[in-house]
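give me a 3D structure for the following:
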Amino acid sequence: NLPNGQFNPNISQKNRNQIMFLTKFLNGADHPYLFGPGSRKLNNKPFQGMTTKSLKHHRALQPLFIIMTGGIIFVVAYCYRLAAKTTDINWSKSKDLGDHMGYYNNRRFKWFNPGGHDYSKMSDVRPQFKE
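Sure, this is the predicted structure:
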């Protein structure tokens with residue numbers, strides 16, 4: 001906009017309408033219902049236990065916060081392990097679908113080995129389907 005409410009003559013009518021619509025839309029958020037006394041903004045404060053001040057005050061929430069943080073870290077680490085180590089996801093860019101499985105030749109895939117199997121010679125005894 002130019003001074004005194006005049007529009008730039010180089011802007012087409014279509015662009016001017018779009019600019020006016022956007023301005024009306026953004027100015028619509030300036031309403032007493034949203035920002036005035038008794039507004040929604042005052043109702044949307046962080047709840048108890050989500051700030052350090054309230055966490056220091058409520059001692060019973062501190063162990064819960066620590067346990068939940070540990071659980072979230074474990075879940076994220078396990079999701080990363082699933083994405084990085086399983087055969088379901090192929091991160092290599094090989095075009096042949098069988099080539100990326102060669103990474104697991106003579107390697108242990110399982111996390112735990114309760115049976116005590118020796119994986120160093122396991123791929124030597126399996127049938128080779130690709131020639």
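
all contacts plus neighbour counts: C-alpha atoms, from now on.
Will do.

do a quick rundown of the helices in this protein.
Along the chain, counting by DSSP state H, helices occupy 13-27, 32-35, 40-43, 52-57, 61-85.

can I get the ones you listed in JSON lines with mean neighbour count?
Putting the helices of the chain into JSON lines (neighbours: other Cα atoms under 10 Å) gives the following:
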{"stretch": "helix 13-27", "mean neighbour count": "11"}
{"stretch": "helix 32-35", "mean neighbour count": "12"}
{"stretch": "helix 40-43", "mean neighbour count": "12"}
{"stretch": "helix 52-57", "mean neighbour count": "12"}
{"stretch": "helix 61-85", "mean neighbour count": "12"}
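
contacting residues around residue 105?
Residue 105 makes contact with 122, 123, according to Cα atoms under 8 Å, 6 or more residues apart in numbering.

what about it, distance to residue 95?
19 Å (Cα to Cα, to the nearest Å).
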